[in-house]
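>>> sequence unknown, structure follows:
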């Protein structure tokens with residue numbers, strides 16, 4: 001699905017350096033989603049949360065993108081709708097069972113949740129077992145303009161074919177997906193609410209990833225809830241505070257919540273980093289934030 005001309009401009013037009021048009025296109029390497037959990041990180045599968053599909057419709061879908069069908073996962077309440085849309089942005093590990101379960105949790109709360117596989121063109125994440133390889137061969141080679149266009153396509157598809165209401169649009173992402181939340185918030189002017197779970201604010205810039213999340217903090221549109229761990233060795237809290245202050249100085253709204261003892265990945269219930277109290281509190285805050293800002 002191409003984005004119609006009348007849906008561009010002020011609605012989808014992002015700031016300079018984040019052109020929503022794809023910067024490069026290649027065939028889809030992944031044509032379906034990961035079955036089970038990622039192989040690329042330590043797992044504690046016995047503690048992983050499993051949400052059933054009672055009262056909702058949930059499953060893998062094909063989302064029309066500019067260059068063909070993109071694999072994704074959709075969960076939505078049963079009934080006519082339309083339901084508010086939450087775009088779910090994966091970690092670096094792909095749309096695996098953890099991300100699918102998050103979609104089902106959101107559907108149980110009344111949302112049309114859609115998680116497109118944003119790295120489907122770069123490599124088969126279902127076979128990758130090394131984080132460094134994922135970063136070097138997949139993450140660093142995915143243009144920001146490409147996944148931004150894919151999220152726009154997912155939102156348009158949710159509204160046209162998945163009982164979603166584009167007038168009530170939110171976004172939520174984890175880890176690298178948390179970074180994407182900041183950037184997408186700067187791109188999309190009709191976004192109602194954005195929630196970043198421990199997304200990095202800094203990092204290297206490149207021709208295809210020209211600006212960091214911190215660079216974009218003063219250009220966000222929707223109110224943003226930032227959920228971070230005080231014991232996260234990979235993301236200095238000072239960098240998040242700086243981004244928050246930058247946004248506020250520009251008249252933007254950022255609410256920062258720091259869980260002092262929580263490490264990176266504290267919401268990832270399938271990993272040793274999971275911290276139940278912080279994860280549950282953050283989830284309650286996230287749902288309340290969506291409702292507070294019109295995604296309900």
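Sure, I can see it. Just so we're clear, the structure is a prediction, and the values are computed from it rather than from any experiment. Numbers count the residues shown, from 1 in each chain.
>>> Tell me where the stretch 51-200 of the chain has helices.
97-108, 131-137, 144-161, 176-187 (DSSP state H, counting those that start in this stretch).
>>> Quickly compare those helices and say which is most buried.
Highest mean neighbour count of the helices of the stretch 51-200 of the chain: helix 176-187, a mean of 27 (counted as mean count of other CB atoms under 10 Å). The C-beta positions use only the backbone N, C-alpha and C, and glycine is treated the same way.
>>> Which elements pack onto it?
strand 83-89, helix 144-161, strand 164-174, strand 193-197, helix 213-216, strand 224-229 (3 or more CB pairs under 8 Å, 6 or more residues apart in numbering; DSSP states H and E).
>>> and that helix, what's its mean pLDDT?
Mean pLDDT, helix 176-187: 98.
>>> residues contacting residue 118?
89-90, 142, 146-147, 150-151, 180 (CB atoms under 8 Å, 6 or more residues apart in numbering).
>>> if we can go back for a sec, just put the helices and strands packed on helix 176-187 in JSON lines and tack on distance to residue 60.
Shown next, in JSON lines, are the helices and strands packed on helix 176-187 (distance: least, CB to CB, whole Å):
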{"stretch": "strand 83-89", "distance to residue 60": "14"}
{"stretch": "helix 144-161", "distance to residue 60": "13"}
{"stretch": "strand 164-174", "distance to residue 60": "17"}
{"stretch": "strand 193-197", "distance to residue 60": "23"}
{"stretch": "helix 213-216", "distance to residue 60": "29"}
{"stretch": "strand 224-229", "distance to residue 60": "27"}
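>>> out of these, nearest to residue 113?
strand 83-89 (5.0 Å; CB to CB).
>>> could you give the angle of the closest one to strand 164-174?
With axes from the mean of the first three to the mean of the last three CA atoms, to 10 degrees as the basis, strand 83-89 and strand 164-174 are set at 30 degrees to each other.
>>> Residues contacting strand 83-89, please?
73, 76-77, 99, 102-103, 106, 110-116, 118, 151, 154-155, 158-159, 163-166, 168-174, 177-178, 180-181, 184, 290, 295-296.
>>> Tell me how many other residues crowd the closest residue in space to residue 182 that isn't next to it in sequence.
Distance criterion CB to CB, 6 or more residues apart in numbering; nearest residue to residue 182, sequence neighbours excluded, is residue 213 at 3.7 Å. Applying other CB atoms under 10 Å, we find 24 residues neighbouring residue 213.
>>> quick revisit: farthest pair within the contacts of residue 118?
90 and 146 (14.4 Å).
>>> on that earlier part again, adding distance to residue 204, write the contacts of residue 118 out as TSV.
Below are these laid out as TSV (distance: CB to CB, whole Å):
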residue	distance to residue 204
89	20
90	20
142	14
146	18
147	17
150	22
151	22
180	16
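>>> Any buried residues in stretch 107-126, and which?
107-123, 125-126 (16 or more other CB atoms under 10 Å).
>>> Pull up the distance across it, start to finish.
25 Å (CA to CA, to the nearest Å).
>>> how close does the closest residue to residue 36 other than its chain neighbours sit to residue 77?
What sits nearest to residue 36 in space, not counting adjacent residues and going by CB to CB, 6+ apart, is residue 97, at 5.8 Å. Applying CB to CB, to the nearest Å, the value for residue 97 to residue 77 is 21 Å.
>>> for residue 166, same thing?
From residue 166 to residue 77 the distance is 17 Å (CB to CB).
>>> Check whether residue 258 really touches residue 232, as I assumed.
No - applying CB atoms under 8 Å as the test, residue 258 and residue 232 come out as separate, 9.2 Å apart.
>>> So between those two, which is more surrounded?
Legend: neighbour count by other CB under 10 Å for residue 258 and residue 232, higher for residue 232 (20 against 16).
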